[in-house]
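> give me coordinates for this.
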Amino acid sequence: MNIEQARFNMIEQQIRPWEVLDPTVLDLLFVVKREDFVPAAYRNLAFADMELPIGSGQVMLAPRVEAKLLQELGIKKTDKVLEIGTGSGYMAALLAARADHVVTVECRAELAEFARENIQRAGITNITIETGCGAKGWSQRGPYDAIVVSAAVPVVPEALLKQLRVGGRLAIVVGEAPVMEAQLITCTADGIYNTINLFETVIPCLDGVSPKPGFTF
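Numbering: from 1, shown residues only. Model (predicted):
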């Protein structure tokens, strides 16, 4: 497989058509080597338009979903960023290339270790990996300029909103299959939030989050 051709095709055929046009994001997809964050058995599928298994029943999100969320967050060099759901470490690596520092929380110790190895091998030094349940955020290191949740939640956790500083942005997928919506929520003033719906999608749910209670009769 010609890796660079596959990377180029991913960007031109999957990501651009999804209205990811920010040149800094597109450049980053060339720089951060996605194939280095994929389990060896799936390396040939690193650029496919699909979720990839990374062990422990978890997946990497499809490239276009990650790229779109990254673009909408508009990360700046001074930003302190929180990611919930480290997975393979790829999204954290993308964020870290644009941010001052990234704190990423993974509830499965074996995945946190996999991500740690990937990030160290890539030579990235501005990421802190924490092992624990990220459903309530990670207030010890907050507040944050940006938060991204790399899994779906039935409703937006109040704890995450409270860890945004004023001007901070939260990228999150909300709902339950088959109806989920990616949202960008901005803290415009203390306790006041503005929500924009970005796109519809279906991705796996976040560990440790209970489904919304259904109707009972």
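> okay, CA-based contacts and neighbour counts for the rest of this
Noted.
> and the strand ranked longest in the chain, how far from the chain's centre?
Assignment by DSSP state E gives strand 164-176 as the longest strand of the chain. The chain centroid and the centroid of strand 164-176 are separated by 11 Å under C-alpha atoms, centre = their mean, to the nearest Å.
> mind listing what's buried along that strand?
Neighbour-count burial for strand 164-176, counted by 16 or more other C-alpha atoms under 10 Å, picks out L164, R165, V166, G168, R169, L170, A171, I172, V173, V174, G175, E176.
> among those residues, list the two that are farthest apart in space.
V166 and E176 (28.6 Å; C-alpha to C-alpha).
> tell me where the protein has strands.
52-55, 58-60, 80-84, 101-106, 127-131, 144-153, 164-176, 179-189, 192-201.
> what residues of stretch 118-127 count as buried?
Across stretch 118-127, burial judged by 16+ other C-alpha under 10 Å covers N118, I119, N126, I127.
> a markdown table please, covering those residues and showing pLDDT.
Formatted as a markdown table, these follow (pLDDT from 0 to 100):
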| residue | pLDDT |
| --- | --- |
| N118 | 98 |
| I119 | 98 |
| N126 | 98 |
| I127 | 98 |
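> would you reformat these as TSV and include distance to V105?
Converted to TSV, the buried residues of stretch 118-127 look like this (distance: C-alpha to C-alpha, whole Å):
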residue	distance to V105
N118	15
I119	14
N126	14
I127	11
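> out of those residues, which two sit at the greatest distance?
Farthest-apart pair in these is N118 and N126; separation 13.5 Å (C-alpha to C-alpha).
> I'd assumed E181 was in contact with N197.
Yes: at 6.6 Å, N197 and E181 qualify as touching, with contact defined as C-alpha atoms under 8 Å.
> neighbour count for the two, which is higher?
E181 (19 against 13; other C-alpha atoms under 10 Å).
> so the closest residue to that one other than its chain neighbours versus L61, what's the distance?
In space, E181 comes closest to E200 once its chain neighbours are excluded; the distance is 4.5 Å by C-alpha to C-alpha, 6 or more residues apart in numbering. Separation of E200 from L61 (C-alpha to C-alpha, to the nearest Å) stands at 14 Å.
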